[in-house]
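Asks: Mind looking at a prediction? Sequence and model below.
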Amino acid sequence: MAEPAVNVKLIKERLAFLKGGRFKAWLEICAHCAYCSDSCFFYLAHDKDPKYMPAYKVKQTLDKLYKKKGEVTWEELEKMADIAYGDCTACRRCSLYCPFGIDVAVMIAAVRGILCGQGLAPKGLQDAAKHHWETGNQMAITEEDFVETCKWMEEESEEEMPGLKIPIEKKGAETLYVLNAREVKFYPQDIAEAAMILYAAGEDWTFPDLGWDMTNLAMFAGNAQVMAHSAKLVYDAAKRLEVKKIITSE
Ligand code: SF4
Ligand code: SF4
């Protein structure tokens, strides 16, 4: 099967947008001293294989994209995707060890943004981002299912904690509670347990009916548009309900 065409124009635009003083300086001043390498768990877990050194990952991705002015092959992009999504979690640990303050994770995140624009983000992350964009949560749970799950958990908790309520969209509550959509889909008991803790603590709290999924898999995919959208859903819920604080489940 023929390889998909690389959208070089899009890569060039993205590189031009990113090449502010910070990126330019980081790419130029990295001394390849390897001082940051021992902080990377990929490097340590692979018997100190140089290919997992943080600076080498940048060399094989962002640096290469700039050197080739975005004119790379599909095969090269696929190799970069293996590195950016498979060999680095963008945890920023190495960034704390660099004497020049070079932030490898930010550069790898930039590479993910470029790869995502070419459709090379892992399918699971792309699907989750699509769901979040379309339905407001990464697992495409309908509002009806969310409300029903909360009601079900309220009933389940009745015997253990009589009077417990799981409020949804309560305007003026003190606290907004947001969670991971996986809990709603696969571990609904987590909702009951959190509600019991909040009830026992005397919290005046509520779920929003939209914006209750605080996960942001679009961020891991490198999809800036959906990343902002996902975060804004939670922010908008907090504003709408006029809460004073947000509690997240993880
Ligand atoms: S990122 Fe910093 S610590 Fe790591 S090799 Fe480059 S200069 Fe050295
Ligand atoms: S940001 Fe990437 S390269 Fe740096 S320590 Fe974390 S996983 Fe390793």
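Replies: Nice, I can see it. Ligands and ions are numbered 1, 2, ... in the order given.
Asks: Could you look up the next helix or strand downstream of the helix-or-strand element of the chain with minimal mean pLDDT?
Replies: One helix or strand of the chain scores below all others by mean pLDDT, DSSP states H and E: helix 21-29, with a mean of 88. Toward the C-terminus, helix 21-29 is succeeded by helix 41-45 as the next helix or strand (DSSP states H and E).
Asks: The least confident helix or strand of the chain near ligand 1 at all?
Replies: No: under the criterion of Cβ under 6 Å from any ligand atom, helix 21-29 makes no contact with ligand 1; the nearest approach is 6.9 Å. To be clear about C-beta, it is placed using only N, CA and C from the backbone, and glycine gets the same treatment.
Asks: Is there proximity between that helix and ligand 2?
Replies: No: using Cβ under 6 Å from any ligand atom, helix 21-29 stays clear of ligand 2, with a minimum separation of 13.1 Å.
Asks: Residues contacting that helix, please?
Replies: With Cβ atoms under 8 Å, 6 or more residues apart in numbering as the contact definition, helix 21-29 has outside contacts at 58, 62-63, 66, 100, 102-103, 107, 110.
Asks: From those, pick the one nearest ligand 1.
Replies: Ile102 (4.0 Å; Cβ to the nearest ligand atom).
Asks: which SSE is the residue nearest to the spatial centre of the chain in?
Replies: By Cα atoms, centre = their mean, the chain has its centre lying nearest to Met219, at 3.4 Å. Element membership of Met219 [criterion: DSSP H and E] is helix 217-221.
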